[in-house]
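Asker: coordinates only, sequence not included:
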């Protein structure tokens, strides 16, 4: 077993904090703070997103990965590529635990119910301005009954699930063909697991 005691890790910061001032409130809340660090006082903005889950859906019997296509306005405005390939993902509702939210988002966005969920990573994609705190899960699914269209009608959400053999899914890491960070991180994890798998397994 490796000794991790000497490795660096994120840690609590010793700060003084004034705020928040609510700068804007819509689907998300935009807050402003004054932060007192040792020898400096800084003005900082935070967009409140909160807890989020993403699910890498995997059918082990067929060696398939299930992904979705979904329209994203920010991606269209920034990169001209709003029809994005993604993992099913979404915010954790009040009172939900991480796993319940992951199972719900998987069902809503792919039409599939995961048989088992395993934690892949816990990440903050952009902590310079977002408080988005995500747990990525591996969700074991049966892709035989995958619908062509899914999404939660009450949220005007439309997703297009599709399945890829794992070797083809891993090729999405090449050539910048996909931009979604959750997707890329989850596929990199899967590629690493495949490299570490014993020969013939």
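Answerer: Now that the structure is in, tell me what you want to look at. If you're wondering where the values come from, they're calculated on a predicted model, not measured in any experiment.

Asker: Pass me the low-pLDDT residue ranges in this structure, would you?
Answerer: Scanning the chain with the threshold set as pLDDT under 70 gives 1-3, 199-201.

Asker: Counting residues, which helix of it comes out longest?
Answerer: helix 181-196 (DSSP state H).

Asker: Check which helices and strands it is in contact with.
Answerer: strand 51-59, strand 64-71, strand 83-86, strand 116-123, strand 133-140, helix 166-170 (3 or more C-beta pairs under 8 Å, 6 or more residues apart in numbering; DSSP states H and E). No exception for glycine: its C-beta is placed from N, CA and C like everyone else's.

Asker: quick check: angle from that helix to strand 64-71?
Answerer: 160 degrees (axes from the mean of the first three to the mean of the last three C-alpha atoms, to 10 degrees).

Asker: List the buried residues in helix 181-196.
Answerer: 182, 183, 185, 186, 187, 190 (16 or more other C-beta atoms under 10 Å).

Asker: Please produce a markdown table containing the residues you listed, extended by distance to residue 63.
Answerer: A markdown table is the format used below for the buried residues of helix 181-196 (distance: C-beta to C-beta, whole Å):
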| residue | distance to residue 63 |
| --- | --- |
| 182 | 21 |
| 183 | 18 |
| 185 | 21 |
| 186 | 16 |
| 187 | 14 |
| 190 | 11 |
